[in-house]
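Engineer: Provided below for reference: sequence and predicted model.
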Protein chains: 4
Amino acid sequence: MSGTGTARGRIDKRQAILDAAFIVFAREGYALAAVDVIAAEAGVAKATVYSHYGDKESLFRETVSASADQALAENLAVVERLTGAGDELRATLETVGLKLLKCYCADRSWALRRLLAAESGQFPDLLDVIHTRAADRVAEALADRLARLTVSGHLHTTDPLLAADQFFALLSGPADKRARLGTRRTPDADLRAIAEAAVDTFLKAFGAEA
Amino acid sequence: MSGTGTARGRIDKRQAILDAAFIVFAREGYALAAVDVIAAEAGVAKATVYSHYGDKESLFRETVSASADQALAENLAVVERLTGAGDELRATLETVGLKLLKCYCADRSWALRRLLAAESGQFPDLLDVIHTRAADRVAEALADRLARLTVSGHLHTTDPLLAADQFFALLSGPADKRARLGTRRTPDADLRAIAEAAVDTFLKAFGAEA
Amino acid sequence: MSGTGTARGRIDKRQAILDAAFIVFAREGYALAAVDVIAAEAGVAKATVYSHYGDKESLFRETVSASADQALAENLAVVERLTGAGDELRATLETVGLKLLKCYCADRSWALRRLLAAESGQFPDLLDVIHTRAADRVAEALADRLARLTVSGHLHTTDPLLAADQFFALLSGPADKRARLGTRRTPDADLRAIAEAAVDTFLKAFGAEA
Amino acid sequence: MSGTGTARGRIDKRQAILDAAFIVFAREGYALAAVDVIAAEAGVAKATVYSHYGDKESLFRETVSASADQALAENLAVVERLTGAGDELRATLETVGLKLLKCYCADRSWALRRLLAAESGQFPDLLDVIHTRAADRVAEALADRLARLTVSGHLHTTDPLLAADQFFALLSGPADKRARLGTRRTPDADLRAIAEAAVDTFLKAFGAEA
DNA sequence: GATGAATGAGAGTTCATTCAT
DNA sequence: TATGAATGAACTCTCATTCAT
């Protein structure tokens, strides 16, 4: 059904190359990632990589874009859970905060951020694309939810986007410190503590009764 | 007094190489930074770079270490200004916050963080060294000040280190978003706004009257 | 039939590289033999040399091994001509001696011996391989023949291997002196004289009537 | 008396450099012998080597020449012991043969021969110098002694130089085989056996009663 | 005379990319 | 389309040699 040579086989190969590329780019960085190695990891010949993606730079762009799209989807799915759920606001915020943190601390997320940081000089446009297409949209979605909670009287924000940014900062900042750019795994218990502390501070500043 | 060939000349060359190395490493990344180019930037012959620093990796390590030491000194100098200054606490926090932000957003700081992110895979030990020798010490110093302000009744913290991390997160998080990994300059006015918003949230959460 | 890119073409290139390598190594020595030059001599790109042989050292080893195998084959073919041919023993010995001398004095032989001498410090294992795989086997084959001639009553040896070594020494020693490590060509007439003198001495010592 | 800066000190340094050069050239070969290393081995600065010997090539020539002169002296001293000593001819030949073999198999001798072989392409004139100034003179001296022994009726040679060459060949040839270009030490007992076998064959061929 | 510092030239090796099958 | 083979450009590092002190 999906033997070599079928259309399905082709697509499989494209995806296999993309997956292999992410692994190798993440591990070695753009410059040191050898196309041979990516091809070997994908189980195809080097020239096949070229026939699919043209050159190393294009392969890199597609790899990063695909990864960013995936990260965006995951984050949006989390943010959408933030609904005005009665008086369980704190618990909801903690749940959402923890889920966001887990997305943020996933290996793939760290790898993607390290790649972007590393190659921001060589590929400045990638940064723009990822930020506008992914990071900013998550912040906007979060701001939307905070605005709704403000309207419904559960929160007290004047600039929901700023509040969203600060909420995210209270989550990611302390996590950054422990994760050492993703080289250290942070236990779930620590993530939970970070999320609770973030929500605590956030609610003191933006809680309705504040 | 400092002609070619004197001991002073030698030291000048060492420093010139280090400066050039930072510029080139920051611009190109470790792998693409050619030693020829560093040497040219420093105005010396390629072999001179090797006679001073042994190999490219050692040069990189020394470059990063020197840069981290400098960043540490600047940050510590700022944190030390955070003294319990009567009822001008908000203004003091805003001043310190803004100065920290300016350090954080300086070109060299961004370049150093990008380098660390980029090469964390190749040089994982560098991350540890920089974090323990620089970043953590700034956080500790900030926590010390917050603890004193708590003792003096100006603040209300139970975990000063956590408060310090959150304070820093409220500053750096929103700045991160605007700066696009340092590829965009953030105007001073925006930095000031970020600092004020950070202090606002921080004081709501940790102010003495809270 | 053997166009570029065919399997045959690949093999041709391998051999061309090996031939070129021998020429250049012999002319310049291992250290001064530039891979560029070998590649140019073989009519391929430098990287092709690397893709076939990995690195300079491996190329050197394969070059020397191939050359030694060839020399072994030539010498064995000569020794096999030494059969108990009635009362023409002196003439047969002189013929075989002269042929051995010609092998010994061939340009390739000298080049190989100079290479081995030159690089015995860097590649001591090569010496062992060549000796056990080539030189010693020629001596053994020669000893075998001398033993047969002793059994058949044409010679009078007690230690055939020693006799073989001495026979070879009587040939090569005087030739060494004239050849100046192969930098001087020795005329065939001189080689013949050396061979005759060697056989004369040899038969006085080991002839049946002695 | 011989402190730094005295004339004696200078000469000491020249000699130290020469000794160090021989060691390093012998160990590494000409091309790989670094002048830094020679200087370090001699305990002087690299520039000092240059001020004494001009350049690497000159240093090499002087090193080899000095070594050849020393080898010549040792060999001549041995040959001079070959006098017509009554009916102890065999014993005398064996003694002289063994001493020649020991000279031939000395580490320095092997190192010198390997160097000459290695660099015969780069420095063909060195070969000529060493041969005419050293090797040939030993052969001539040996031929002189054999001629005298012929005149005195102890030997029976028609071409004393040929006989000398063959005598030397019967010694060095079998030794060559065991010594693997000097990489293997040959025990004295084996050298003695070789010498005795050589004399045995030699006397069968050139003994007076033959 | 002796030395530490500096350098230009060159070598081995890798790798993105192309081409013929 | 997929691939093995080939290549040119580039990069790290070394070393003989010179110069100022």
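Structural biologist: Done, it's in.

Engineer: hey, let's count contacts and neighbours off CA atoms from now on
Structural biologist: Fine.

Engineer: List the buried residues in stretch A:132-141.
Structural biologist: Buried positions in stretch A:132-141, judged by neighbour count with 16 or more other C-alpha atoms under 10 Å in any protein chain shown: A:134-135, A:137-141.

Engineer: where does the closest residue to residue A:99 other than its chain neighbours land in three-state SS?
Structural biologist: Once flanking residues are discounted, residue A:99 sits nearest to residue A:78: 6.6 Å by C-alpha to C-alpha, 6 or more residues apart in numbering or on different chains. Reduced to three states with DSSP: H, G, I helix; E, B strand; the rest coil, the structure at residue A:78 is helix.

Engineer: Surely residue A:78 is in contact with residue A:101?
Structural biologist: No. Shown here, residue A:78 and residue A:101 do not form a contact pair, counting by C-alpha atoms under 8 Å, at 10.3 Å.

Engineer: Next, give phi and psi for residue A:207.
Structural biologist: Comment: the main-chain dihedrals of residue A:207 come out as phi -60, psi 150, following degrees, to the nearest 10.

Engineer: so what's it up against?
Structural biologist: Taking C-alpha atoms under 8 Å, 6 or more residues apart in numbering or on different chains, we find residue A:207 in contact with A:154-156.

Engineer: just residue A:122 next, same as before
Structural biologist: Residues in contact with residue A:122 (C-alpha under 8 Å, 6+ apart) are residue B:28.

Engineer: 10 Å - rerun?
Structural biologist: With contacts defined as C-alpha atoms under 10 Å, 6 or more residues apart in numbering or on different chains, the neighbours of residue A:122 are A:30, A:116, B:27-29.

Engineer: swap in residue A:148?
Structural biologist: By C-alpha under 10 Å, 6+ apart, the contact list for residue A:148 reads A:83-84, A:142, A:154-155, A:160.

Engineer: Most neighbours out of those residues, which is it?
Structural biologist: Going through the contacts of residue A:148 with other C-alpha atoms under 10 Å in any protein chain shown as the criterion, the one with the most neighbours is residue A:142, at 25 neighbours.

Engineer: Check whether that residue really touches residue A:93, as I assumed.
Structural biologist: No. Taking contact to mean C-alpha atoms under 10 Å, the distance of 11.1 Å between residue A:142 and residue A:93 leaves them out of contact.

Engineer: list residues touching both of these two?
Structural biologist: Contact criterion C-alpha under 10 Å, 6+ apart; residues bridging residue A:142 and residue A:93 by contacting each: A:79, A:82, A:167.

Engineer: so what sits against both of residue A:78 and residue A:101?
Structural biologist: By the contact definition C-alpha under 10 Å, 6+ apart, residue A:78 and residue A:101 are jointly contacted by residue A:95.

Engineer: Could you check what's spatially nearest to residue A:114, not counting adjacent residues?
Structural biologist: That would be residue B:117: by C-alpha to C-alpha, 6+ apart, it lies 5.1 Å from residue A:114.

Engineer: separation between that neighbour and residue C:48?
Structural biologist: Here the criterion is C-alpha to C-alpha, to the nearest Å. By it, residue B:117 lies 36 Å from residue C:48.

Engineer: More neighbours: which of those two?
Structural biologist: residue B:117 (25 against 15).

Engineer: give the contact list for the more buried one.
Structural biologist: Contacts of residue B:117 were listed using C-alpha under 10 Å, 6+ apart, and they are A:110-111, A:113-119, A:180-182, B:111, B:123-124, B:127.

Engineer: Pretty sure it sits in a helix.
Structural biologist: Yes. Counting by three-state DSSP, one finds residue B:117 located in a helix.

Engineer: Can you tell me how far it is from chain D?
Structural biologist: The gap separating residue B:117 from chain D is 40 Å, by C-alpha to the nearest C-alpha, to the nearest Å.

Engineer: Next: residue A:116.
Structural biologist: To chain D, residue A:116 is 45 Å away according to C-alpha to the nearest C-alpha.

Engineer: What distance do you get for residue A:53 to residue A:60?
Structural biologist: If you measure residue A:53 against residue A:60 using C-alpha to C-alpha, the figure is 9 Å.

Engineer: And residue A:27, by the same measure?
Structural biologist: The gap separating residue A:27 from residue A:60 is 13 Å, by C-alpha to C-alpha.

Engineer: if I look at the two, which residues touch both of them?
Structural biologist: Taking C-alpha under 10 Å, 6+ apart as the criterion, residue A:27 and residue A:60 both touch A:21, A:115.

Engineer: Could you check what's spatially nearest to the residue most central in space within chain A, not counting adjacent residues?
Structural biologist: Centroid-nearest residue in chain A, with C-alpha atoms, centre = their mean: residue A:71, separated by 3.9 Å. Distance criterion C-alpha to C-alpha, 6+ apart; nearest residue to residue A:71, sequence neighbours excluded, is residue A:109 at 7.1 Å.

Engineer: So that neighbour sits against residue A:100, correct?
Structural biologist: No. Between residue A:109 and residue A:100 no contact is recorded; they are 11.3 Å apart, counting by C-alpha under 10 Å.

Engineer: So for the two, which residue has more residues nearby?
Structural biologist: When residue A:109 and residue A:100 are compared for neighbours, residue A:100 comes out ahead with 22 against 18, by other C-alpha under 10 Å.

Engineer: quick one: residue A:138 from residue A:205, how far?
Structural biologist: In this structure, residue A:138 and residue A:205 are 21 Å apart, going by C-alpha to C-alpha.

Engineer: likewise residue A:74?
Structural biologist: Separation of residue A:74 from residue A:205 (C-alpha to C-alpha) stands at 28 Å.

Engineer: Between the two, which has more neighbouring residues?
Structural biologist: More neighbours surround residue A:205 than the other of residue A:74 and residue A:205, with 23 against 15 (other C-alpha under 10 Å).

Engineer: What distance do you get for that one to chain D?
Structural biologist: Separation of residue A:205 from chain D (C-alpha to the nearest C-alpha): 69 Å.
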